[in-house]
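Engineer: Show me how the following folds:
(chains A and B)
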Amino acid sequence: MNILRSQAFSVLRRPLCRRLATTRPFVPPVQAQLVFHDTLFAPGAKELDDNTVDALEAETNEREFEDDDFDANNFQDKAHPDSPNFYTGRSSYYDNIVELQNAISRTRGTLQRLHLLPLPEFAWKCLKPMPTVWKTPEEMTTDFETAMTISRYRKVTALLNELNEYLRIATTAGYADVADRIGSIISIFESGKKEAFLARGVRKPVQLDQYGRSYTFGKRKTSAARVWMIPVKPLSHESGSDVNVEEAFGLSDKPRRPPVNVTVSTILINNLPIAEYFPQPVDRERIVRPLKIAGVLAHGIAKGIFAHEPETGAILKRAKLLRRDPRMVERKKTGLAKARKRYTWVKR
Amino acid sequence: MHSLRPRLSNPVRFSFKFCKNCTRQLSQQAQGPLETENDWTDFQQTRTSLKTLMDAMSQYGSTQTSQWSLRDSLHRPTKDATLSALLASGAHFGHASSRMNPNFLPYAYGTRAGITLIDLDHTLPLLRRAAKVVRAVAANDGQIVFIGTRADIRPVVQKAAQRLGTQGFHVGDRWLPGTLTNKWQMFGHETVRSKRIVPDLVILLNPIQNMNAIQECALSNVPTIAIVDSNVDPRIVMYPIPANDESPRTAEIIAGVLSIAGREGIAIREAETQRMRMAVDSAWEDFNKMQVMQDARQPQRSDAEAFDY
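Structural biologist: You can find the predicted model right below:
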């Protein structure tokens, strides 16, 4: 087959070259030839129809010319890349880092001029606490368009924490404009779930209903207890009755021992206090033992007491009664008799 | 920065003691806790008055007559490096003589204390030559990349790139291999087609840690300038500057000189563009004046009369 007369070569003379010439400089025919399909010039190759030729042309035009000799993609007409960090390959991450560093240095300068930096030790303790929650590394990955590894995340959060410290100083000292400027930068990096995260572990205050009753919940291991507590009115003498019972019965002559002040927690046996009737602590212990209630109820009752009398909070906390005991029954493991107990070790 | 103060006369010394006591008291929690905003304002006012007093008293110090002053070589570098400045920054300290690259011999001054000393008489002209290259590239709208991948020279390359505006770039962390040789995959087809990717000049402040970058520049035909130390073959880059690569002050001086040369090149280009624009504008003005004069001499004929076919 005469190559010069074949349809394949006619494509060389056809718009393929012209198309290249308009978008790129002159392509030597040798290089254009190399683009073609391998089987084109094989012996016994069929003549090409228009469809195949068009497909080959499209393929050639799509293919990038990675040759550096005439790098048409480096013409002076093209624009410079936008970011000065372009050649790091992570321009948006480094741009953000540079922006944060600039914000920090500007704010530091402002606070130094206002004589709020460097702050002495006692002033640091007087600052308002401003706990913040930053975005997770996954959320920051979408913002920065780079994979947020631990080291990168730490770098960013270190800068953000420094900005947050300056925000605390500005807010506490009453400079609202400076605080707003810092706040606008920080809010970009704050997690949306900040309130939820900071409210974790904060107990909701127990509301007393219309009758002053509290409803609290106590838990220990897998048990649960619901506790309702109602305040009781203290016993008071009926007003208007000046009748002395002892005089009415004619018992005022007899010598009287001092009357016992009966409170809610007093135990009387035959009208005598328990300490008088049972001088031995052993006996007293036996009597009081059933009243030593299970931990579940203790938890619920302690919370109810705290709801009615918040002043007892410190005492209850010191006694560790407001704490839900986190100990749960540990599961049995395979190869062990119980959770920790091992079977008897046999030498052979 | 206040200059060193020698002994003062008695009344002024008393004031300084008072100042010192005040500052000591402030730092020793003599003040109570700052609760309200008024407390903070008072705290600020105390400090302001102290500073005013200190500044007022500073003028009673002695005046130093020496010309040398400690300058911030990062933020305000000099246009030309002097031998004394390079010496002061420790640019002449090379690495151990046992590690000296034999191709570095022309730039070595000698050996002392087991290290190779670099001949700064070679450094200065080579630095000036490199500055000329940077100025010319910048004047022709070239892209210049500063590479300094250590933590202490990261701000140096950042500032140097800032001085070149849109033509300056920097790499402060790792240079990703394939930035130039694998640009299609790295930056994507759209970016490579629309923007200039291959830079016109690359300046390296620590070449040993960036051999990948040097190799890629060689493959992409990009001219390179680098600070070569005594353990490096100076032929790896086109324009070597023999100096200490471990000293951040040396890097500040050299990067400062090169970036200021680049800024000058951009200014030259801007001035040239301005001059050409003004020349074109004045040429147009002259042309328009001529047209007006011609029209005044010959009255305007209608188009029908203008062409007689």
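
Engineer: Mean confidence (pLDDT) on whatever helix or strand B:Lys289 lives in, please.
Structural biologist: Assigned by DSSP states H and E, B:Lys289 belongs to helix B:248-297. In this model, helix B:248-297 has an average pLDDT of 95.

Engineer: do that helix and chain A meet?
Structural biologist: No: for helix B:248-297, no contact with chain A is found by CB under 8 Å from any CB of the partner chain; the gap never falls below 12.1 Å. C-beta coordinates here come from the backbone N, C-alpha and C atoms, glycine included.

Engineer: Quick check: A:Val232 vs A:Gly300, distance?
Structural biologist: 18 Å (CB to CB, to the nearest Å).

Engineer: Over to A:Val53?
Structural biologist: Counting by CB to CB, the gap from A:Val53 to A:Gly300 is 86 Å.

Engineer: what do you get for A:Val282?
Structural biologist: With CB to CB as the criterion, A:Val282 and A:Gly300 are 31 Å apart.

Engineer: Going by how many neighbours each has, rank the two and give me the top one.
Structural biologist: A:Gly300 (24 against 7; other CB atoms under 10 Å in any protein chain shown).

Engineer: ok, now which ones touch that one?
Structural biologist: With contact taken as CB atoms under 8 Å, 6 or more residues apart in numbering or on different chains, A:Gly300 is in contact with A:216-218, A:225-227.

Engineer: Surely it is within a helix?
Structural biologist: Yes: under DSSP: H, G, I helix; E, B strand; the rest coil, A:Gly300 sits within a helix.

Engineer: what's the pLDDT at it?
Structural biologist: Value for A:Gly300, per-residue pLDDT: 86.

Engineer: Name the nearest residue to it, sequence neighbours excluded.
Structural biologist: Leaving aside its chain neighbours, A:Gly300 sits nearest to A:Gly218 (2.8 Å; criterion: CB to CB, 6 or more residues apart in numbering or on different chains).

Engineer: Tell me how many other residues surround that neighbour.
Structural biologist: There are 21 residues near A:Gly218, going by other CB under 10 Å.

Engineer: CA atoms only for the one helix or strand A:Glu247 maps to, dumped as PDB, please.
Structural biologist: Applying DSSP H and E as the criterion places A:Glu247 in helix A:245-249. Output in PDB follows, covering the C-alpha atoms of helix A:245-249 (Å, rounded to 0.1, in the frame of the first residue of the first chain):
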ATOM      1  CA  VAL A 245     -50.400  19.300 129.900                       C
ATOM      2  CA  GLU A 246     -48.300  18.500 132.900                       C
ATOM      3  CA  GLU A 247     -50.100  21.000 135.100                       C
ATOM      4  CA  ALA A 248     -53.500  19.600 133.900                       C
ATOM      5  CA  PHE A 249     -52.600  16.100 135.100                       C
END
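
Engineer: That one: which residues count as buried?
Structural biologist: Within helix A:245-249, no residue is scored as buried using 16 or more other CB atoms under 10 Å in any protein chain shown.

Engineer: what's the following helix or strand after that helix?
Structural biologist: strand A:268-269.

Engineer: mind listing what that next one pairs with, with the direction of each?
Structural biologist: Strand A:268-269 pairs in its sheet with strand A:272-273 (antiparallel), by DSSP bridges.

Engineer: what does the partner strand contact?
Structural biologist: Here strand A:272-273 has contacts from A:260, A:266-267, using CB under 8 Å, 6+ apart.

Engineer: for these, which one is nearest chain B?
Structural biologist: If you rank the contacts of strand A:272-273 by distance to chain B using CB to the nearest CB, A:Thr266 comes first, at 45.9 Å.

Engineer: Touching, that closest one and A:Ala275? I think so.
Structural biologist: No: between A:Thr266 and A:Ala275 there is no contact under CB atoms under 8 Å: 10.3 Å.

Engineer: How about the contacts made by A:Val227?
Structural biologist: Applying CB under 8 Å, 6+ apart to A:Val227 gives the contacts A:214-218, A:297, A:300-301, A:303-304.

Engineer: Are any of these buried, and if so which?
Structural biologist: Listed as buried from the contacts of A:Val227 are A:214-216, A:218, A:300-301, A:303-304; burial here means 16+ other CB under 10 Å.

Engineer: Quickly name whichever of those is closest to B:Ala96.
Structural biologist: A:Lys303 (72.2 Å; CB to CB).

Engineer: My guess is the closest one contacts A:Phe217. True?
Structural biologist: Yes: the pair A:Lys303 / A:Phe217 is scored as a contact, 7.4 Å apart, by CB under 8 Å.

Engineer: what mean pLDDT would you report for stretch B:92-110?
Structural biologist: Stretch B:92-110 comes out at a mean pLDDT of 97.

Engineer: which residues touch that stretch?
Structural biologist: B:86, B:111, B:114-120, B:122-123, B:228-235, B:242-244, B:246-247.

Engineer: who in the stretch 101-250 of chain B is up against chain A?
Structural biologist: Residues of the stretch 101-250 of chain B lying near chain A (CB under 8 Å from any CB): B:141, B:143, B:145, B:158, B:161-162, B:166-176, B:179, B:184, B:186-187, B:189, B:191-199, B:219-221.

Engineer: Chain A: strands as residue ranges?
Structural biologist: Taking DSSP state E as the criterion, chain A carries its strands at A:214-220, A:223-229, A:268-269, A:272-273.

Engineer: I meant the stretch 1-150 of chain B, not that one.
Structural biologist: B:93-96, B:108-112, B:115-118, B:144-147 (DSSP state E, counting those that start in this stretch).

Engineer: Quick check: which of those strands is buried the most?
Structural biologist: Mean neighbour counts were compared across those using mean count of other CB atoms under 10 Å in any protein chain shown; the top stretch is strand B:144-147, at a mean of 27.

Engineer: what bits of the stretch 201-348 of chain A have low per-residue confidence?
Structural biologist: Under the criterion pLDDT under 70, the flagged ranges of the stretch 201-348 of chain A are A:233-243, A:246, A:290-293.
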